[in-house]
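[1] Here is a sequence together with a model predicted from it:
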Amino acid sequence: MDLKTTEDVATEEERKAADSVIGSAPPSWSDGLRPGVGGRVILGGQRRRANLRHLLLPTLHAIQDQIGWISHGALNYVCTRLDIAPAEAFGVASSYSLFSLRPTAQTVVHVCDDIACRAAGSDSVETMRGHFGEPDTTDGQLTWRTSPCLGQCEHGSAAMVTIAGSPGVREVLAPFNIHELDTVVSNTTAKRPPTPATLLNQVRSELHLLKRIGLVDPESLDSYRSEGGYQALRRAIDFGPEWVIRELKDAKLLGRGGAAFPTGAKWEAVAHSSVRPRYFVANADESEPGTFKDRVLIENDPFALVEALTIAGVTTGAEQGYIYIRGEYPLGERRLRSAITQAQSRGLLGDDIMGSGLKFQIEVRRGAGAYIAGEETALFNSIEGHRPEPRTKPPYPVDKGLFAKPTGINNVETLLSALEIISSGATEFIRYGTESSTGTRMFCLSGCVNLPGIYEVPLGTKLRELIQIAGGVTEGHQLTAILLGGAAGSFVGPDQLDLELSFEAVRMAGTTLGSGVVIVIDETVDMVAFVRRIAQFFRDESCGQCVPCRVGTVRQEEVLARLSLNAPLGSRQDELSLLDDLGSVMRDASICGLGQAANTAVLSAIEQQLIFSSKGNS
Amino acid sequence: MTSTVPISLQRRFDLTIDGKDVTVTEGQTILEACRQVQVDIPTLCYLETLTPVNVCRLCVVEVKGSRTLVSACSRKVEPKMEILTDSSRVNTSRRMVLELLASSVDLSLADDEVGHWMQQYDVHPERHGPQSDPAEEGERDRGHAGEHKAIDGSTAETVAQPIKRDNGQYLRDYSRCILCYKCVEACGVDAQNTFAIAVAGRGFEARISTEYNVALPESACVYCGNCVAVCPTGALMPTIEFDLRESGKWDPKSQTVTQTVCPYCGVGCNLELHVQDNQIFKVTSPLDHSTTSGNLCIKGRFGFEFVH
Amino acid sequence: MGSDIALANTIGRHIIHAGLSNSDFIRRATINFDVYAKSVEPFTLEVGEKLTGIPGTAIAQLAEDYARADRAQLCWTLGITEHHTGTDNVLALCNLALLTGHVGRYGSGLVPLRGQNNVQGGGDMGAIPNKLPGFQDIETDTFAREQFEARWGTPLPRTKGWHLSQMFDAMETGELTSLYIIGENPAQSEADVKKARHLLTGLEHLVVQDIFLTKTAELADVVLPATASWAESDGTVTSSERRVQRVRRAVVQPAGSRDDVEIICQIAAKMGHDWGSPTAEQVWDELRSLSPMHAGMSYRRLEELGGLQWPCYDENHPGELFLHGRLWDEPITGPPATFSATPFEPPLDELDSEFPIRLTTGRRLDSFNTGVQTGAYSSPIRSKEALALSPEDMGAYKLQDGDRVLVRSRRGGIEAPVRTDPTLRSGLAFLTLHFPDQVDTNLLTIDTWDKKAGTAEFKATAIAIERLGQDATPNDHSDKRVDK
């Protein structure tokens, strides 16, 4: 490939921002443009190109953070340095909502208008409009735009503030408060005190995954070790990979990401692969509306994730690990990076972990506003510097994952469950839960509930009990529905409160635990608007690769708009059967889980007669 | 794509297609297995010479034991697979894929078979409402990922937009683009390795684009026209052909196609000269010819005017 | 530039010293290895770097990658052959293939990429001074010559003729006085084109048969308008991979032009020989009856199989995907392959303080040779012809893109605008031949030719650059049309 760029040139600030990730250009480069004498020989060709591409996303982040947008000149510079065709780099940059490809205000406020905040009655969008006028203006110092779920659902409202600069600001305000926004914007140097951990109504001795929350100092490795940290890694190293895998299998640990795949079998497949190198990835891109458990764990117990991933690495023979954390979690990202640095300095990561001679390194990768990047193969593409589009399976990640090498990938809760199994043993783990859904699970309670927050309960706990632990439905109001599993989940009615929260029971009931979302809805919630927000979410987050999802999510949103405006094409029945057909093609023929689940909630709302029925509130 | 495993080492095994036993070779795709026994599978984004991207989802079939339908073009055969190509699930999905495309894209110049499939699967794009007005010049190229204008559902959104005509060789009418990725593949590693275009944006706002939507002459485009050659819907078209159609003189019955060899370098690319009124209006190259599998360079594709 | 042999020899030495040569293949299928090994011994990476300007590490990596590859090809174009050492340049590459065994196997080999769609076919058909069609030697292959004589009913010369460079020499000495040129434009394409034009003009009689009124045709006494062989007439061409393929008539030729076969037969008729009016297929079938390597290539098979690669001895022969497979027979069939010592000689047109810049010539993607065909379509990627210089030289001569310079060689001078090309290194300049009406590149090139092959040294000219006065603004040439 001959790289061809337009004549747009990066400014010095843009080059500096890019160089902060890539490193300085060789001295022979002038104006960051082209190699002069001696710079023309590039050894490595294709190999070199492949080895650089993964730096694309971090470099784009650096430019966005420091400059506030990615100009054509800046992109040209990045492409020249990383040997990427500009059209491809543009394709990547334009697929993430947190990157701006045209000039914008220095301060951008991303205000959550998603379902959990909606159910909690947030009025932050109206407040912002009142103060700053319409969203997404390009002039002035500050602009704002609405955002899908920011993962702060227990607070009932949230906004993320980014102020471009070096150093820039990335802060989350939750709950959202216009006065606090003024403070952040006017005083960019003052660090906001982190939101304290919220553990409500739970007995610490019954907690496993959350047991250190609030006890350990998330900034201190010593504090983590004093709470038993790194004993599990010691055991994993001492007893070896086969023992670890057997424990996971004995514990019957199923993945907490949604697909409920047996974790032991996954680790074993990677460990027994004949191919090297191998990778292990922690998926912390939780972006399912209503989900915030990874955030709570990472912000308050970051070393646990680092230790768990290290165990996964040494068990599967991966020497490089990645934690892919969503871009909306600046505090969690900072704490993770600090935890990794500390672990490295103490020989808990690196070339000789705990003196065992085993190697493992972890890199943190930040997402840039793309729900789809949470799909495991899209996540691989994102790390590799390609568009976050899901790949076709098979091949599965354990055979060809990140960089086309055998890769293990688990979400944060699964990794912490594995950590718990290694430290306490499979026998202890299976004391909780049901026969086939072992252990405990974290649930994210939000919406019209008295004590929204994270709750850890044994699998098999009844939905009613869970809501009771969270203080029950908001005083004086009546439960109308519960959204289980997030936007990709489905509604259950007040008559289903005895539903047992185990993999097998929810499957029987035709619903899902998904990412552990439980959004409680009472009669104050506009169900039609709520469901339309879900439809809008899927349309906005579809990667656009396959027809059923790309066009189907648009058509679904249009049908819902017509029905809610009482302007059906033909009869209501025609519209409902159209929805059914859209559901069929999206569910059956989409490439990945996003499209396949894009109308589950919509259809269940109709089935539950929450919308568009005489009984519903439309 | 051909397998690197020597033919003698490839396993043969049995599976069923629509209840009939079929013996297949390891490494084949379901699509290849079906075509081998004359079971017709419609495809849009598939082309023998390109790596399957399985994005159009028109070729889906039902495989027993699989939760969702699978794409025949990319899925490899496995022993004892039970494949259904004509079940009601399959037919519903195919009907809907065509309906979604036809309601959002101008398919009037698509390959003839698309029209036949629309009849076969009883497609009714009008169910989705009247089509929205075309976007303004550049509007679709300015979209921000994850955002779209509020809608009321009174019209079916489309990708309609003005034609991009920025060079003398070919034009881009993205109102006809079904985003099959073929042009991107042909511009990239599957043929040309130029990477002048890529998919940009996401969701319904995803589109084929140069960086920042710059005009082709500013981009890396080398005008090989291999993208034009693989476009199944007429979104990419030689300017001469477009002008001939616009002029009202388009007359398929009087057209001839003659296969010959490129007059320029020594590679020996085969050319198919499309001629009307003794004028060449388009040059293509046979996909199944082993010299270049349908690919040409600017000289072979567009350098024929000296004949006239 | 002009240091191809130095590069090849350095690669060869490195392969030998790294223990990566295919000693089994060398022992079984080649001779003269020791002579070769000794001849490349001085070409250490340091020496190679000095002679070629390519970093030794890059040469070493290339050598190792090439030697270790499962399959590897060496492909080249005229940059290897258009030197006074052209033949040795090729032999130096052959040495590398023999050293590693990358020859005679599927996917490996030596691939001279032909610059024209039928330059291979021209050679195959005997358009070489010493060969009859099918590479049958006119001097040594008596049997073949007799076959032709019997078939054509006339005696054939027993000695070979002149090659192109010799023809121009013969024009100079007055031995060659009449010329019949078919489809060539030497008045623009020859090295030292000033001299070539002078010689063409001095001929007693010049006939040019072409599809255009080229610069050469303008000098002719008689011009015979021909049809475009690929679109206006039927026949065959042979590509770089020895594949014979059919060309077919797709459009009706312009009034007054005639098919080449028809023209030749009518000239024969005027000279008193009735050759009839054969079809292209009849001519081809005659060739098949006389050239064994084409014997199996009937029009029917060429159509069915999308072409056939020679040799194809009979109608059951599938043609050969690659040559020299015999070297892998156990034991080998035929004579072993010979290593050749290829001494390095710098280009003849030496650099000195007066002519310090090395000029090389070539093509750009969208254009072709002297531009008589490609000039007819407007390409968006075609830029005005300009002397491409490295950023360093642009700086050294205080030049900006678009400035005009006087480019002088020891043979002539031209004016041209300049353009920065970051892919060039200091001391190297580039021009194409595509736009002789704008920039008459071949006024500069040297007509010294390789004694073995008769190829002129287009690729290495010594030039001097002089900036022209400020009054010549970059726009001065804009009135000259680029695209016709």
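    Structure received.

[2] Could you list the domains of chain B?
    B:1-128, B:159-307 (automatic domain parsing).

[3] Please produce TSV containing these, extended by mean pLDDT.
    As requested, the domains of chain B are exported to TSV (pLDDT from 0 to 100):
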stretch	mean pLDDT
domain B:1-128	93
domain B:159-307	95
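
[4] do you know which of the ones you listed lies nearest chain C?
    Taking CB to the nearest CB, domain B:159-307 is the member of the domains of chain B nearest to chain C, at 2.5 Å. C-betas here are computed from N, CA, C, even on glycine.

[5] related to what we said a few turns ago, so which of the domains of chain B is the most surrounded?
    domain B:159-307 (a mean of 21; mean count of other CB atoms under 10 Å in any protein chain shown).

[6] quick revisit: got the domains of chain B as TSV, with distance to chain C columns?
    Putting the domains of chain B into TSV (distance: least, CB to the nearest CB, whole Å) gives the following:
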stretch	distance to chain C
domain B:1-128	11
domain B:159-307	3
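
[7] between those, which one is nearest to residue C:74?
    domain B:159-307 (16.0 Å; CB to CB).

[8] circling back to that earlier point, so which of the domains of chain B is nearest residue A:181?
    Proximity to residue A:181 (CB to CB) singles out domain B:159-307 among the domains of chain B, at 28.6 Å.

[9] ok, residue C:5 - contacts?
    C:85, C:88-89, C:92, C:342-345 (CB atoms under 8 Å, 6 or more residues apart in numbering or on different chains).

[10] change it to 6 Å
    Contact analysis of residue C:5 by CB atoms under 6 Å, 6 or more residues apart in numbering or on different chains lists C:88-89, C:92, C:342, C:344.

[11] now, which of those residues sits nearest residue A:423?
    Nearest to residue A:423 among those, with distances taken as CB to CB, is residue C:92, at 66.9 Å.

[12] quick one on the thing from earlier: closest to residue A:557 out of the domains of chain B?
    Across these, closest to residue A:557 is domain B:159-307 (CB to CB), at 9.6 Å.

[13] What segments of the stretch 201-350 of chain A are helices?
    A:221-226, A:231-239, A:241-250, A:263-271, A:293-300, A:302-316, A:330-345 (DSSP state H, counting those that start in this stretch).

[14] Show me what the helix or strand following the longest one pairs with in its sheet, parallel or antiparallel.
    Going back to what we said before, that points to helix A:330-345. Scanning forward in sequence from helix A:330-345 by DSSP states H and E, the next helix or strand is strand A:361-366. Within its sheet, strand A:361-366 is paired with strand A:320-325 (parallel), according to DSSP bridges.

[15] avg pLDDT for the partner strand?
    For strand A:320-325, mean pLDDT is 98.

[16] got the contact list for that strand?
    By CB under 6 Å, 6+ apart, strand A:320-325 touches A:279-282, A:284-285, A:309, A:313, A:333, A:361-365, A:379, A:383.

[17] Nearest to residue B:304, out of those: which one, please.
    Proximity of the contacts of strand A:320-325 to residue B:304 was ranked by CB to CB; the top entry is residue A:383 with 45.9 Å.

[18] Just give the number of residues close to the closest residue in space to the closest one that isn't next to it in sequence.
    Leaving aside its sequence neighbours, residue A:383 sits nearest to residue A:365 (CB to CB, 6 or more residues apart in numbering or on different chains; 5.4 Å). Residues lying near residue A:365 (other CB atoms under 10 Å in any protein chain shown) number 22.

[19] Got a ChimeraX select line for the buried ones in the contacts of residue C:5?
    Buried residues within the contacts of residue C:5, by 16 or more other CB atoms under 10 Å in any protein chain shown, are selected in ChimeraX with:
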select /C:88,89,92,342,344
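
[20] Widest-spaced pair of the contacts of residue C:5?
    Maximum distance among the contacts of residue C:5 (CB to CB): 10.1 Å, for C:89 and C:344.

[21] So which of the helices of the stretch 201-350 of chain A is nearest chain C?
    That would be helix A:263-271 among those, by CB to the nearest CB, at 28.7 Å.

[22] tell me which residues in the closest one are buried?
    By neighbour count on 16+ other CB under 10 Å, the buried set for helix A:263-271 is A:263-264, A:266-271.

[23] what's near enough to touch the residue positioned nearest the centre of chain C?
    What sits nearest the mean C-alpha location of chain C, by CA atoms, centre = their mean, is residue C:78, with 4.8 Å. Residues in contact with residue C:78 (CB under 6 Å, 6+ apart) are residue C:115.

[24] And it, how far from residue C:116?
    According to CB to CB, to the nearest Å, residue C:78 and residue C:116 sit 11 Å apart.

[25] and what of residue A:604?
    Taken as CB to CB, the span from residue A:604 to residue C:116 is 69 Å.

[26] do the same with residue A:594
    Going from residue A:594 to residue C:116 by CB to CB gives 54 Å.

[27] Show me which of these two is the more surrounded one.
    residue A:594 (25 against 18).

[28] Can you give me every residue that contacts that one?
    residue A:372.
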